[in-house]
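Peer 1: Everything below, folded, please.
(one chain, ligands or ions: 2)
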Amino acid sequence: MQLFEALKIDEALKVLKENLINVRARSEEVELLDALNRVLAEDVYSPEDIPPFNRSTVDGYAVIASDTFGASESLPAILKVAGEIKMGEKPAFSLKAGEAARISTGGMLPEGSDAVVMLEYTQPLEDGTLLVERPVAPGENVILKGEDVKKGDLVLKKGHTLRPQDLAVLAGMGFQKVRVAVSPKVSVISTGDEIKPPGVEIREGEIRDMNSFSVAGLVLKWGGIPEVFGVVRDDFDEIKKAVSEALKISDLVVISGGSSVGTRDLTVKVLESLGKPGVIAHGLAVKPGKPTIIAVVEEKPVVGLPGHPVSAMVIFEQVVRPIISWFLGRPEDYGGLKVKAKIARNISSAAGREDFIRVRLEQKEGELWAVPVLGKSGLISTMVESHGLARIAPEKLGVKEGEYVDVELY
Ligand SMILES: Nc1nc2c(c(=O)[nH]1)N[C@H]1C(S)=C(S)[C@@H](COP(=O)(O)OP(=O)(O)OC[C@H]3O[C@@H](n4cnc5c(N)ncnc54)[C@H](O)[C@@H]3O)O[C@H]1N2
Ligand code: MOO
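Peer 2: Ligands and ions are numbered 1, 2, ... in the order given. The predicted structure follows:
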(Lines give C-alpha, C1' and ligand atoms only; values in the text may rest on other atoms or scores of the structure.)
(Ligands and ions follow the chains in the order given, each with its own letter.)
Protein backbone atom coordinates (compact mmCIF):
# COMPACT_ATOMS: atom_id res chain seq x y z
CA MET A 1 0.00 0.00 0.00
CA GLN A 2 1.16 3.53 -0.80
CA LEU A 3 1.18 6.38 1.67
CA PHE A 4 -1.25 9.12 0.65
CA GLU A 5 0.20 12.42 -0.43
CA ALA A 6 1.69 13.70 2.83
CA LEU A 7 -0.40 16.55 4.25
CA LYS A 8 0.93 19.19 6.58
CA ILE A 9 -0.34 18.81 10.14
CA ASP A 10 -2.61 21.87 10.01
CA GLU A 11 -4.05 20.77 6.64
CA ALA A 12 -4.77 17.29 8.03
CA LEU A 13 -6.47 18.75 11.11
CA LYS A 14 -8.60 21.00 8.88
CA VAL A 15 -9.75 18.03 6.77
CA LEU A 16 -10.45 16.09 9.96
CA LYS A 17 -12.55 18.90 11.38
CA GLU A 18 -14.57 19.11 8.16
CA ASN A 19 -15.33 15.39 8.50
CA LEU A 20 -16.45 15.60 12.12
CA ILE A 21 -19.90 16.84 12.86
CA ASN A 22 -20.17 15.58 16.39
CA VAL A 23 -17.34 17.32 18.17
CA ARG A 24 -19.11 19.69 20.49
CA ALA A 25 -17.90 20.63 23.95
CA ARG A 26 -20.43 19.28 26.45
CA SER A 27 -20.50 20.69 29.96
CA GLU A 28 -21.19 19.65 33.54
CA GLU A 29 -21.17 21.29 36.96
CA VAL A 30 -18.51 20.14 39.42
CA GLU A 31 -17.35 21.03 42.93
CA LEU A 32 -14.51 23.55 42.97
CA LEU A 33 -11.80 21.08 43.99
CA ASP A 34 -12.84 18.73 41.20
CA ALA A 35 -12.43 21.59 38.72
CA LEU A 36 -8.63 21.78 38.87
CA ASN A 37 -7.14 21.42 35.35
CA ARG A 38 -10.65 21.33 33.89
CA VAL A 39 -11.75 23.76 31.18
CA LEU A 40 -14.32 26.45 31.92
CA ALA A 41 -17.49 26.00 29.88
CA GLU A 42 -18.74 29.57 30.36
CA ASP A 43 -17.50 33.07 31.09
CA VAL A 44 -17.50 33.85 34.81
CA TYR A 45 -18.55 37.32 35.98
CA SER A 46 -18.19 38.33 39.59
CA PRO A 47 -21.48 38.55 41.50
CA GLU A 48 -19.79 40.58 44.23
CA ASP A 49 -16.91 42.87 45.12
CA ILE A 50 -13.73 41.34 46.54
CA PRO A 51 -13.10 42.46 49.17
CA PRO A 52 -16.66 43.51 49.99
CA PHE A 53 -15.41 46.37 52.23
CA ASN A 54 -12.29 48.53 52.71
CA ARG A 55 -9.86 46.48 54.79
CA SER A 56 -6.57 47.04 56.49
CA THR A 57 -3.42 45.26 55.28
CA VAL A 58 -1.56 45.84 58.57
CA ASP A 59 -2.01 45.95 62.35
CA GLY A 60 -2.29 49.55 63.46
CA TYR A 61 -4.69 52.47 63.64
CA ALA A 62 -7.30 53.52 61.09
CA VAL A 63 -7.03 57.25 60.54
CA ILE A 64 -8.01 60.08 58.24
CA ALA A 65 -4.79 60.45 56.23
CA SER A 66 -4.88 64.25 56.18
CA ASP A 67 -4.75 64.25 60.02
CA THR A 68 -1.25 62.72 59.81
CA PHE A 69 0.28 64.99 57.16
CA GLY A 70 3.57 66.48 58.39
CA ALA A 71 3.79 64.11 61.38
CA SER A 72 7.30 63.06 62.49
CA GLU A 73 8.99 61.51 65.52
CA SER A 74 9.90 64.95 66.84
CA LEU A 75 6.50 66.44 65.99
CA PRO A 76 3.91 63.62 66.11
CA ALA A 77 0.27 64.11 65.16
CA ILE A 78 -1.95 63.81 68.22
CA LEU A 79 -5.17 61.87 67.68
CA LYS A 80 -7.93 60.59 69.94
CA VAL A 81 -8.53 56.81 70.03
CA ALA A 82 -12.22 56.41 69.24
CA GLY A 83 -12.33 52.65 69.81
CA GLU A 84 -11.19 49.22 68.63
CA ILE A 85 -12.45 47.41 65.57
CA LYS A 86 -13.22 43.72 66.05
CA MET A 87 -12.28 41.23 63.31
CA GLY A 88 -15.18 40.06 61.18
CA GLU A 89 -17.42 42.86 62.38
CA LYS A 90 -18.60 46.12 60.96
CA PRO A 91 -17.33 49.01 63.14
CA ALA A 92 -20.16 50.43 65.21
CA PHE A 93 -18.81 53.98 64.90
CA SER A 94 -17.47 56.26 62.19
CA LEU A 95 -14.26 58.26 62.40
CA LYS A 96 -14.34 62.01 62.78
CA ALA A 97 -11.48 64.47 62.20
CA GLY A 98 -8.71 64.03 64.76
CA GLU A 99 -9.71 60.44 65.63
CA ALA A 100 -8.04 57.03 65.22
CA ALA A 101 -9.28 53.45 65.80
CA ARG A 102 -7.24 50.35 66.65
CA ILE A 103 -7.49 47.88 63.77
CA SER A 104 -5.98 44.46 62.93
CA THR A 105 -4.77 43.13 59.57
CA GLY A 106 -7.88 42.30 57.55
CA GLY A 107 -10.18 44.43 59.72
CA MET A 108 -12.90 46.65 58.23
CA LEU A 109 -12.11 50.37 58.15
CA PRO A 110 -14.68 52.53 59.92
CA GLU A 111 -16.57 55.03 57.80
CA GLY A 112 -14.65 58.27 57.47
CA SER A 113 -11.16 56.72 57.65
CA ASP A 114 -9.07 56.31 54.51
CA ALA A 115 -5.70 54.94 55.68
CA VAL A 116 -4.00 52.86 58.37
CA VAL A 117 -0.84 53.75 60.30
CA MET A 118 1.31 50.76 61.28
CA LEU A 119 1.50 50.01 65.00
CA GLU A 120 5.28 50.56 64.93
CA TYR A 121 4.84 54.26 64.12
CA THR A 122 2.36 55.01 66.89
CA GLN A 123 2.47 55.51 70.65
CA PRO A 124 -0.76 55.12 72.57
CA LEU A 125 -0.84 57.18 75.77
CA GLU A 126 -2.73 56.24 78.89
CA ASP A 127 -5.21 59.10 78.53
CA GLY A 128 -6.61 57.69 75.28
CA THR A 129 -4.58 59.84 72.91
CA LEU A 130 -2.35 58.46 70.20
CA LEU A 131 0.92 59.88 68.92
CA VAL A 132 1.44 59.22 65.19
CA GLU A 133 5.07 59.57 64.16
CA ARG A 134 4.74 59.18 60.41
CA PRO A 135 2.29 60.52 57.84
CA VAL A 136 0.21 58.12 55.70
CA ALA A 137 -1.25 58.87 52.27
CA PRO A 138 -4.94 58.26 51.53
CA GLY A 139 -5.36 54.55 50.70
CA GLU A 140 -2.08 53.55 52.36
CA ASN A 141 -2.19 50.08 53.98
CA VAL A 142 -5.75 49.58 52.73
CA ILE A 143 -7.28 47.25 50.16
CA LEU A 144 -10.31 49.11 48.84
CA LYS A 145 -13.72 47.50 48.39
CA GLY A 146 -13.67 45.86 44.94
CA GLU A 147 -9.93 46.52 44.45
CA ASP A 148 -9.24 42.81 43.92
CA VAL A 149 -12.33 41.98 41.86
CA LYS A 150 -15.18 44.33 40.96
CA LYS A 151 -18.78 43.19 40.94
CA GLY A 152 -19.72 42.52 37.31
CA ASP A 153 -16.09 42.03 36.13
CA LEU A 154 -15.36 39.26 33.62
CA VAL A 155 -12.92 37.30 35.79
CA LEU A 156 -12.39 34.01 33.91
CA LYS A 157 -13.08 33.27 30.28
CA LYS A 158 -14.75 30.26 28.70
CA GLY A 159 -12.06 27.85 27.44
CA HIS A 160 -9.66 28.68 30.25
CA THR A 161 -7.96 25.77 32.03
CA LEU A 162 -8.46 26.19 35.76
CA ARG A 163 -5.39 26.60 37.98
CA PRO A 164 -5.30 26.64 41.81
CA GLN A 165 -5.45 30.46 41.84
CA ASP A 166 -8.56 30.31 39.64
CA LEU A 167 -10.26 28.00 42.16
CA ALA A 168 -9.31 30.56 44.82
CA VAL A 169 -10.90 33.49 42.98
CA LEU A 170 -14.02 31.40 42.30
CA ALA A 171 -14.24 30.62 46.03
CA GLY A 172 -13.58 34.29 46.80
CA MET A 173 -16.60 35.22 44.69
CA GLY A 174 -18.75 32.71 46.58
CA PHE A 175 -18.99 29.92 44.01
CA GLN A 176 -19.16 26.36 45.33
CA LYS A 177 -19.49 24.76 41.91
CA VAL A 178 -18.39 25.66 38.42
CA ARG A 179 -19.46 24.62 34.93
CA VAL A 180 -16.67 22.86 33.04
CA ALA A 181 -16.31 20.92 29.80
CA VAL A 182 -16.92 17.19 29.99
CA SER A 183 -13.57 15.43 29.57
CA PRO A 184 -13.48 13.33 26.41
CA LYS A 185 -12.90 9.60 26.77
CA VAL A 186 -9.90 8.50 24.76
CA SER A 187 -9.30 4.83 24.00
CA VAL A 188 -5.63 3.85 23.93
CA ILE A 189 -4.71 0.75 21.94
CA SER A 190 -1.19 -0.57 21.33
CA THR A 191 -0.57 -3.07 18.56
CA GLY A 192 2.24 -5.48 17.77
CA ASP A 193 3.00 -9.20 18.21
CA GLU A 194 6.37 -8.29 19.75
CA ILE A 195 4.91 -5.95 22.38
CA LYS A 196 4.34 -7.26 25.90
CA PRO A 197 3.06 -5.40 28.96
CA PRO A 198 5.42 -4.74 31.87
CA GLY A 199 5.26 -7.51 34.49
CA VAL A 200 5.28 -10.27 31.90
CA GLU A 201 8.50 -12.14 31.20
CA ILE A 202 9.73 -11.32 27.72
CA ARG A 203 11.34 -13.69 25.28
CA GLU A 204 14.02 -12.82 22.74
CA GLY A 205 12.56 -10.61 20.05
CA GLU A 206 9.93 -9.14 22.34
CA ILE A 207 9.88 -5.68 23.92
CA ARG A 208 7.72 -4.04 26.55
CA ASP A 209 4.74 -1.84 25.87
CA MET A 210 5.78 1.77 26.40
CA ASN A 211 3.32 3.60 24.17
CA SER A 212 0.24 2.68 26.23
CA PHE A 213 1.83 4.57 29.10
CA SER A 214 3.09 7.64 27.23
CA VAL A 215 -0.19 7.95 25.32
CA ALA A 216 -2.47 7.42 28.34
CA GLY A 217 -0.24 9.80 30.31
CA LEU A 218 -0.60 12.47 27.63
CA VAL A 219 -4.38 11.95 27.54
CA LEU A 220 -4.51 12.62 31.29
CA LYS A 221 -2.09 15.53 31.05
CA TRP A 222 -4.20 17.31 28.43
CA GLY A 223 -7.58 16.76 30.04
CA GLY A 224 -8.95 13.52 28.61
CA ILE A 225 -9.92 10.27 30.33
CA PRO A 226 -7.88 7.33 29.02
CA GLU A 227 -9.47 3.93 28.45
CA VAL A 228 -6.44 1.68 28.18
CA PHE A 229 -6.96 -1.44 26.06
CA GLY A 230 -3.38 -2.75 26.40
CA VAL A 231 -1.71 -4.63 23.58
CA VAL A 232 -3.58 -6.15 20.66
CA ARG A 233 -1.86 -8.67 18.39
CA ASP A 234 -1.17 -7.94 14.71
CA ASP A 235 -4.32 -9.65 13.60
CA PHE A 236 -6.97 -8.00 11.44
CA ASP A 237 -9.93 -9.41 13.38
CA GLU A 238 -8.44 -8.68 16.80
CA ILE A 239 -7.59 -5.09 15.89
CA LYS A 240 -11.03 -4.62 14.33
CA LYS A 241 -12.68 -5.99 17.48
CA ALA A 242 -10.66 -3.64 19.71
CA VAL A 243 -11.35 -0.58 17.55
CA SER A 244 -15.08 -1.38 17.34
CA GLU A 245 -15.25 -1.77 21.13
CA ALA A 246 -13.25 1.46 21.58
CA LEU A 247 -15.62 3.38 19.29
CA LYS A 248 -18.54 2.29 21.48
CA ILE A 249 -17.07 3.58 24.74
CA SER A 250 -15.01 6.63 23.78
CA ASP A 251 -15.04 9.93 21.91
CA LEU A 252 -11.65 9.45 20.31
CA VAL A 253 -9.53 6.38 19.55
CA VAL A 254 -5.73 6.40 19.51
CA ILE A 255 -3.88 3.32 18.18
CA SER A 256 -0.13 3.05 18.15
CA GLY A 257 1.95 0.85 15.87
CA GLY A 258 1.07 -0.70 12.57
CA SER A 259 0.72 2.65 10.85
CA SER A 260 3.44 2.15 8.25
CA VAL A 261 3.42 0.30 4.95
CA GLY A 262 4.67 -3.14 5.99
CA THR A 263 2.64 -6.24 5.24
CA ARG A 264 1.62 -6.61 8.90
CA ASP A 265 0.56 -2.99 9.19
CA LEU A 266 -3.11 -3.64 9.45
CA THR A 267 -4.43 -0.47 11.05
CA VAL A 268 -5.32 1.22 7.75
CA LYS A 269 -7.08 -1.90 6.48
CA VAL A 270 -9.11 -2.16 9.68
CA LEU A 271 -10.08 1.51 9.62
CA GLU A 272 -11.08 1.28 5.94
CA SER A 273 -13.27 -1.73 6.73
CA LEU A 274 -15.29 0.08 9.39
CA GLY A 275 -17.18 2.45 7.13
CA LYS A 276 -17.03 5.85 5.49
CA PRO A 277 -15.20 8.16 5.31
CA GLY A 278 -12.52 5.93 6.93
CA VAL A 279 -8.92 7.01 6.45
CA ILE A 280 -8.64 10.68 5.46
CA ALA A 281 -4.87 11.05 5.81
CA HIS A 282 -2.11 8.47 5.77
CA GLY A 283 1.27 10.12 5.98
CA LEU A 284 2.08 13.60 7.27
CA ALA A 285 4.85 15.97 6.17
CA VAL A 286 6.51 15.77 9.56
CA LYS A 287 9.60 14.26 11.16
CA PRO A 288 9.40 12.19 13.22
CA GLY A 289 6.01 10.69 12.67
CA LYS A 290 5.50 10.53 8.93
CA PRO A 291 3.43 7.32 8.86
CA THR A 292 0.54 8.78 10.84
CA ILE A 293 -3.04 7.73 10.09
CA ILE A 294 -6.00 10.01 10.61
CA ALA A 295 -9.47 8.56 10.14
CA VAL A 296 -13.10 9.18 10.90
CA VAL A 297 -15.17 6.13 11.77
CA GLU A 298 -18.75 6.26 13.06
CA GLU A 299 -18.37 10.05 13.19
CA LYS A 300 -15.50 9.75 15.66
CA PRO A 301 -11.83 10.63 15.13
CA VAL A 302 -9.33 7.79 15.10
CA VAL A 303 -5.61 8.50 15.06
CA GLY A 304 -2.99 5.88 14.22
CA LEU A 305 0.28 6.91 15.81
CA PRO A 306 3.56 5.59 14.45
CA GLY A 307 4.92 2.82 16.67
CA HIS A 308 8.32 4.30 17.46
CA PRO A 309 7.93 5.67 21.00
CA VAL A 310 9.26 9.18 20.20
CA SER A 311 7.16 9.50 17.05
CA ALA A 312 4.06 8.37 18.95
CA MET A 313 4.57 11.13 21.53
CA VAL A 314 5.42 13.85 19.02
CA ILE A 315 2.36 13.07 16.91
CA PHE A 316 0.16 12.89 19.97
CA GLU A 317 1.15 16.45 20.85
CA GLN A 318 0.68 17.72 17.30
CA VAL A 319 -2.46 15.84 16.28
CA VAL A 320 -4.26 14.25 19.25
CA ARG A 321 -3.85 17.14 21.70
CA PRO A 322 -5.64 19.63 19.40
CA ILE A 323 -8.50 17.13 18.97
CA ILE A 324 -8.81 16.82 22.76
CA SER A 325 -8.90 20.63 22.87
CA TRP A 326 -11.82 20.65 20.38
CA PHE A 327 -13.80 18.44 22.76
CA LEU A 328 -12.94 20.76 25.64
CA GLY A 329 -13.70 24.04 23.88
CA ARG A 330 -10.14 25.12 24.60
CA PRO A 331 -7.92 27.06 22.15
CA GLU A 332 -6.55 24.61 19.60
CA ASP A 333 -2.95 25.71 20.20
CA TYR A 334 -3.16 25.11 23.96
CA GLY A 335 -0.04 23.29 25.07
CA GLY A 336 3.24 23.52 26.91
CA LEU A 337 5.05 26.75 27.70
CA LYS A 338 6.89 28.10 24.63
CA VAL A 339 10.31 29.73 24.95
CA LYS A 340 12.78 31.08 22.41
CA ALA A 341 16.30 29.64 22.55
CA LYS A 342 19.37 29.55 20.32
CA ILE A 343 19.90 26.20 18.66
CA ALA A 344 23.33 24.79 19.58
CA ARG A 345 24.15 23.13 16.22
CA ASN A 346 23.14 23.14 12.57
CA ILE A 347 20.10 20.98 11.81
CA SER A 348 18.93 20.33 8.27
CA SER A 349 15.36 19.73 7.23
CA ALA A 350 13.53 18.99 3.99
CA ALA A 351 11.48 21.70 2.30
CA GLY A 352 7.77 21.29 2.99
CA ARG A 353 8.38 19.13 6.07
CA GLU A 354 7.84 20.22 9.66
CA ASP A 355 10.55 18.94 12.00
CA PHE A 356 10.49 18.55 15.75
CA ILE A 357 13.87 18.31 17.43
CA ARG A 358 14.20 17.06 21.00
CA VAL A 359 16.28 19.59 22.91
CA ARG A 360 17.76 20.22 26.33
CA LEU A 361 17.73 23.81 27.50
CA GLU A 362 21.01 25.16 28.84
CA GLN A 363 21.85 28.61 30.14
CA LYS A 364 25.24 29.85 28.89
CA GLU A 365 26.52 33.38 29.45
CA GLY A 366 23.06 34.75 29.98
CA GLU A 367 21.64 33.10 26.83
CA LEU A 368 19.22 30.21 26.63
CA TRP A 369 20.48 27.46 24.31
CA ALA A 370 18.54 24.55 22.86
CA VAL A 371 20.94 21.61 22.66
CA PRO A 372 19.60 18.88 20.34
CA VAL A 373 19.32 15.45 21.93
CA LEU A 374 20.08 13.37 18.89
CA GLY A 375 18.96 9.81 18.43
CA LYS A 376 16.56 7.60 16.54
CA SER A 377 12.83 7.95 17.10
CA GLY A 378 12.84 4.46 18.64
CA LEU A 379 14.78 5.75 21.67
CA ILE A 380 12.45 6.82 24.49
CA SER A 381 15.51 7.91 26.53
CA THR A 382 15.88 10.91 24.20
CA MET A 383 12.46 12.11 25.38
CA VAL A 384 13.41 11.47 29.00
CA GLU A 385 16.64 13.44 28.66
CA SER A 386 15.16 16.41 26.82
CA HIS A 387 13.10 19.35 28.03
CA GLY A 388 11.02 20.08 24.96
CA LEU A 389 10.64 20.12 21.20
CA ALA A 390 12.14 22.75 18.92
CA ARG A 391 10.09 23.29 15.77
CA ILE A 392 11.47 23.81 12.30
CA ALA A 393 8.71 25.26 10.13
CA PRO A 394 7.86 23.50 6.83
CA GLU A 395 9.16 26.35 4.68
CA LYS A 396 12.65 26.16 6.22
CA LEU A 397 15.52 24.01 5.00
CA GLY A 398 16.97 23.80 8.49
CA VAL A 399 18.40 26.00 11.21
CA LYS A 400 21.93 27.29 11.68
CA GLU A 401 23.83 27.18 14.97
CA GLY A 402 22.94 30.30 16.98
CA GLU A 403 19.58 30.81 15.23
CA TYR A 404 16.56 31.32 17.48
CA VAL A 405 14.05 28.46 17.57
CA ASP A 406 10.70 28.10 19.35
CA VAL A 407 10.85 25.38 21.99
CA GLU A 408 7.69 23.98 23.51
CA LEU A 409 8.42 22.51 26.92
CA TYR A 410 7.02 19.15 28.01
N1 LIG B 1 10.00 0.60 4.62
C2 LIG B 1 9.66 1.51 5.53
N3 LIG B 1 9.75 1.18 6.81
C4 LIG B 1 9.42 2.09 7.74
C5 LIG B 1 9.02 3.38 7.35
C6 LIG B 1 8.90 3.67 5.99
O7 LIG B 1 8.54 4.79 5.60
N8 LIG B 1 9.23 2.70 5.11
N9 LIG B 1 8.76 4.29 8.32
C10 LIG B 1 9.46 4.11 9.57
C11 LIG B 1 8.99 5.05 10.54
S12 LIG B 1 9.50 6.64 10.33
C13 LIG B 1 8.25 4.69 11.60
S14 LIG B 1 7.81 5.85 12.77
C15 LIG B 1 7.79 3.33 11.79
C16 LIG B 1 6.30 3.33 12.05
O17 LIG B 1 5.94 2.06 12.15
P18 LIG B 1 4.52 1.53 12.56
O19 LIG B 1 3.65 2.65 12.98
O20 LIG B 1 4.03 0.65 11.50
O21 LIG B 1 4.83 0.78 13.88
P22 LIG B 1 5.43 -0.64 14.15
O23 LIG B 1 6.13 -1.15 12.96
O24 LIG B 1 4.37 -1.44 14.76
O25 LIG B 1 6.48 -0.21 15.24
C26 LIG B 1 7.58 0.58 15.00
C27 LIG B 1 8.56 0.37 16.14
O28 LIG B 1 7.99 0.80 17.35
C29 LIG B 1 7.94 -0.26 18.31
N30 LIG B 1 6.69 -0.16 19.05
C31 LIG B 1 5.47 -0.25 18.53
N32 LIG B 1 4.54 -0.18 19.51
C33 LIG B 1 5.19 -0.04 20.65
C34 LIG B 1 4.81 0.10 22.02
N35 LIG B 1 3.51 0.07 22.37
N36 LIG B 1 5.75 0.24 22.94
C37 LIG B 1 7.06 0.25 22.61
N38 LIG B 1 7.50 0.14 21.35
C39 LIG B 1 6.59 -0.01 20.38
C40 LIG B 1 7.98 -1.50 17.48
O41 LIG B 1 8.42 -2.61 18.18
C42 LIG B 1 8.90 -1.09 16.35
O43 LIG B 1 10.22 -1.20 16.76
O44 LIG B 1 8.02 2.56 10.66
C45 LIG B 1 9.33 2.70 10.11
N46 LIG B 1 9.49 1.76 9.08
O1 MOO C 1 8.33 8.92 11.38
MO2 MOO C 1 9.29 7.81 12.11
O3 MOO C 1 8.25 8.41 13.22
O4 MOO C 1 10.44 9.16 11.82
O5 MOO C 1 10.40 7.48 13.28
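Peer 1: Quickly note the distance from the residue in the chain positioned nearest to ligand 1 to Ser381.
Peer 2: Of all residues in the chain, Gly307 sits closest to ligand 1, at 2.3 Å by C-beta to the nearest ligand atom. C-beta: built from backbone N, CA, C; applies to glycine. For Gly307, the distance to Ser381 equals 17 Å [C-beta to C-beta, to the nearest Å].
Peer 1: The two: which is more packed in?
Peer 2: Regarding Gly307 and Ser381, a neighbour count based on other C-beta atoms under 10 Å identifies Gly307 as having more, with 24 against 11.
Peer 1: Who are the packing partners of the strand ranked longest in the chain?
Peer 2: With DSSP state E setting the assignment, residue counts place strand 354-364 as the longest strand in the chain. Secondary structure elements in contact with strand 354-364, counted by 3 or more C-beta pairs under 8 Å, 6 or more residues apart in numbering; DSSP states H and E, are strand 286-287, strand 338-343, strand 367-372, strand 388-392, strand 404-409.
Peer 1: Show me what residue of this structure gets nearest to ligand 2.
Peer 2: Ser311 (2.8 Å).
Peer 1: Would you double-check that that residue falls in a helix?
Peer 2: Yes: membership of Ser311 in a helix is supported by DSSP: H, G, I helix; E, B strand; the rest coil.
Peer 1: what sits against it?
Peer 2: With contacts defined as C-beta atoms under 8 Å, 6 or more residues apart in numbering, the neighbours of Ser311 are Pro288, Gly289, Leu305, Ser377.
Peer 1: Pull up the per-residue confidence for the residue most central in space within the chain.
Peer 2: The central residue of the chain, meaning the one whose C-alpha is nearest the mean C-alpha position (C-alpha atoms, centre = their mean), is Thr161 at 5.7 Å. Here, the pLDDT recorded for Thr161 equals 97.
Peer 1: how close does it sit to Lys248?
Peer 2: 29 Å.
Peer 1: which stretches of the chain have low pLDDT?
Peer 2: Under the criterion of pLDDT under 70, the regions of the chain flagged as low confidence span 1-5, 260-261, 263-264.
Peer 1: Check it for me, the residue farthest from its geometric middle.
Peer 2: Asp127 (59.1 Å).
Peer 1: SS state for it?
Peer 2: Here Asp127 is recorded as coil under three-state DSSP.
Peer 1: Name the residues that touch the longest strand of the chain?
Peer 2: Outside strand 354-364, the residues that reach it (C-beta under 8 Å, 6+ apart) are 8-9, 285-289, 310, 314, 318, 339, 341, 343-344, 347, 349, 368-373, 375, 382-383, 385-394, 405, 407, 409.
Peer 1: can you rerun that using 7 Å?
Peer 2: 8-9, 285-287, 314, 341, 347, 349, 368-373, 382-383, 385-394, 407 (C-beta atoms under 7 Å, 6 or more residues apart in numbering).
Peer 1: for stretch 129-136, same thing?
Peer 2: With C-beta under 7 Å, 6+ apart as the test, stretch 129-136 has contacts from 61, 63, 65, 68-73, 76-81, 100, 115, 117, 121-125.
Peer 1: Show me where the stretch 101-250 of the chain has its strands.
Peer 2: Along the stretch 101-250 of the chain, counting by DSSP state E, counting those that start in this stretch, strands occupy 115-118, 122-124, 129-132, 142-143, 154-156, 177-181, 185-191, 195-196, 207-208, 225-232.
Peer 1: The third one pairs with which strands, parallel or anti?
Peer 2: Paired neighbours of strand 129-132 in the sheet (DSSP bridges): strand 77-84 (antiparallel), strand 122-124 (antiparallel).
Peer 1: what distance separates stretch 284-302 from the centre of its chain?
Peer 2: Computed by C-alpha atoms, centre = their mean, to the nearest Å, the separation of stretch 284-302 from the middle of its chain amounts to 24 Å.
Peer 1: Who does the longest strand of the chain pair with, and is each partner parallel or antiparallel?
Peer 2: Strand 354-364 has the following sheet partners, assigned by DSSP bridges: strand 286-287 (parallel), strand 367-372 (antiparallel), strand 388-392 (antiparallel).
Peer 1: could those go into TSV alongside distance to Pro331?
Peer 2: Formatted as TSV, the entries for these read as follows, by distance: least, C-beta to C-beta, whole Å:
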stretch	distance to Pro331
strand 286-287	21
strand 367-372	25
strand 388-392	18
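Peer 1: Skipping its backbone neighbours, what lies nearest the residue of the chain closest to ligand 1 in space?
Peer 2: What sits nearest to Gly307 in space, not counting adjacent residues and going by C-beta to C-beta, 6 or more residues apart in numbering, is Gly257, at 3.6 Å.
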